[in-house]
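[1] Whatever this is, show me its structure:
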Amino acid sequence: MTGKINTYTHQAEKRLKPIFNFFLDQYGQELFDAFRQMDQNSDLDTATQTNMCSKDAAKVIFQDSHLSALNFLDKITAEILFDVGRMLRIMLDEFSPLKN
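    Next up is the predicted model:
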């Protein structure tokens, strides 16, 4: 199973750079500005602050002028969900009482 987990992890790492570059190239400063209100010295954790910024980020991402770019995200999201499903199957197979 370790080899399969390593393969999954490597594949996940390969997907992160294109996603990051997509957001940087497609939305650039507009998206950075949506998250500019985050404060590293806040009592709120990063997840909470990110959720607070999500409304502004969604406005940037889902502008009519950006909708055609979302095809890339649809495709890569489907690939990621496929990978997650495959990994869950591998893990469940390992814990199966029917395993030889």
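
[2] so where do the helices sit in this structure?
    2-34, 46-61, 70-95 (DSSP state H).

[3] average pLDDT across the first one?
    The pLDDT scores in helix 2-34 average 83.

[4] Looking at the helices of the chain, which is nearest to Gln40?
    The closest of these to Gln40 is helix 46-61. By CB to CB, the value is 8.6 Å. Where you see a C-beta, it was placed from the backbone N, CA and C, and this is true even at glycine.

[5] average pLDDT for the closest one?
    Taken as a whole, helix 46-61 has an average pLDDT of 91.

[6] what's the answer for stretch 77-93, then?
    Stretch 77-93 carries an average pLDDT of 86.

[7] in it, what's buried?
    Residues of stretch 77-93 classed as buried: Met87 (neighbour count, 16 or more other CB atoms under 10 Å).

[8] ok so, going back, adding distance to Gln40, write the helices of the chain out as TSV.
    As requested, the helices of the chain are exported to TSV (distance: least, CB to CB, whole Å):
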stretch	distance to Gln40
helix 2-34	15
helix 46-61	9
helix 70-95	28
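
[9] From Ser65, how far out is the spatially closest residue to Glu79 that is not a sequence neighbour?
    Spatial nearest neighbour of Glu79, chain neighbours left out: Arg15 (7.1 Å); criterion: CB to CB, 6 or more residues apart in numbering. Distance of Arg15 to Ser65, computed by CB to CB, to the nearest Å: 26 Å.

[10] related to what we said a few turns ago, list the contacts of the residue nearest to Glu79.
    Ile76, Glu79, Ile80 (CB atoms under 8 Å, 6 or more residues apart in numbering).
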